[in-house]
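Participant: Let me see the structure of the following:
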Amino acid sequence: MENNATFIGFGEAAQAFCGTQKGVAAWKAGSCSAFDLKTQNTVTASQKWNEYSTHGIQGTNSLEEALGCSQNIFSLVTADQALISARNASAFLKPGALYFDMNSVAPATKISAAKLIEASGGRYVDVAVMAPVYPARLCVPLLVSGPHSNEATNALHRTGFTNIKQSGSEIGRASSIKMIRSVMIKGIEALTAECVFAAEKAGVLPEVLSALGEEWAEKANYNFDRMMVHGARRAAEMREVCKTLENLGVEPLLSIGTVQRQDSIGKFGLISPLQGLENKLTQITNVKAG
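Facilitator: Residues are numbered from 1 along each chain as shown. Okay, the predicted model is just below:
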């Protein structure tokens, strides 16, 4: 039996896509499998198998087993694993399978991954996920580029995605848009942290936020949420942003700082931030002191 889909990596994004009624119906029109490296780690294996079960996904012990006869493969791994996953998957692809690389990596990384997939008979698709997967889930905006964009867009619609735009036939184009946009999005988050930390130390946080505009108290709170929960992953993405800029001949002076600030906050491991900006700052202070 052909698999409707295979997930390489079963973290937040894959679980978000499976965790809706529409998603369940779409993914389960055929069998759906997944492989995640965390199942090979004795510390994290039990949790990952529970996640498969919760979402009704067929977990597997190996990438070869997961790919099976799958025609739609969704790579959703950390940035440092994106090219490795493509290389490993290329050995087991069914001819003509669509390989959706949805990872936040530099265009050059996607071009290298595409060569591996295409050489093995697969069809590589550059996909940029342009917003947080929660709460949008299958409505999250996707940019698609590459020579198989038309077939890929149709396949994505069949599996339940609703907000898809094509950005050209060039592999790396969708990724370029996302990477360069992240200079601003993740950079503003990092600047928010620097500003808020300084304002708190000076005892003028309410006044500074008020001077920035009435919406900034909530913006700062949201930005800290993103960094506290996803800072390590966002830092990894920003390293890919730096590569993108360097390949374009643009020195990533500020983006290097964004990497450091995102990483420093993500390393606190506060995956459940408290409500409210001041409570978040207290939480970070307590972790530092501990």
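Participant: Tell me what F100 is bridged to.
Facilitator: Per DSSP bridges, the residues bridged to F100 are F74, V125.
Participant: pretty sure it contacts V125?
Facilitator: Yes. Applying C-beta atoms under 8 Å, one finds F100 in contact with V125, separated by 4.9 Å. Where you see a C-beta, it was placed from the backbone N, CA and C, and this is true even at glycine.
Participant: anything in contact with each of these two?
Facilitator: Residues touching both F100 and V125 (C-beta atoms under 8 Å, 6 or more residues apart in numbering) are A152.
Participant: Comparing the two, which residue is more hemmed in?
Facilitator: Set side by side, F100 and V125 show more neighbours around V125, with 30 against 26, by other C-beta atoms under 10 Å.
Participant: distance of the more buried one from A86?
Facilitator: Using C-beta to C-beta, to the nearest Å, V125 is found at 12 Å from A86.
Participant: where in the chain is pLDDT low?
Facilitator: 1-3, 20-30 (pLDDT under 70).
Participant: need the helices for it, in chain order.
Facilitator: 12-18, 21-27, 45-54, 63-67, 82-89, 107-119, 133-136, 149-158, 173-202, 205-212, 216-247, 253-266, 277-289 (DSSP state H).
Participant: could I get the ones you listed as a markdown table with distance to Q166 and mean neighbour count?
Facilitator: Below are the helices of the chain laid out as a markdown table (distance: least, C-beta to C-beta, whole Å; neighbours: other C-beta atoms under 10 Å):
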| stretch | distance to Q166 | mean neighbour count |
| --- | --- | --- |
| helix 12-18 | 20 | 22 |
| helix 21-27 | 20 | 16 |
| helix 45-54 | 32 | 15 |
| helix 63-67 | 26 | 18 |
| helix 82-89 | 21 | 21 |
| helix 107-119 | 16 | 20 |
| helix 133-136 | 19 | 14 |
| helix 149-158 | 5 | 17 |
| helix 173-202 | 9 | 19 |
| helix 205-212 | 37 | 15 |
| helix 216-247 | 20 | 21 |
| helix 253-266 | 27 | 19 |
| helix 277-289 | 39 | 15 |
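Participant: Make CSV from these and add distance to F74 to it.
Facilitator: Shown next, in CSV, are the helices of the chain (distance: least, C-beta to C-beta, whole Å):
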stretch, distance to F74
helix 12-18, 7
helix 21-27, 10
helix 45-54, 15
helix 63-67, 11
helix 82-89, 11
helix 107-119, 13
helix 133-136, 12
helix 149-158, 10
helix 173-202, 15
helix 205-212, 39
helix 216-247, 17
helix 253-266, 24
helix 277-289, 32
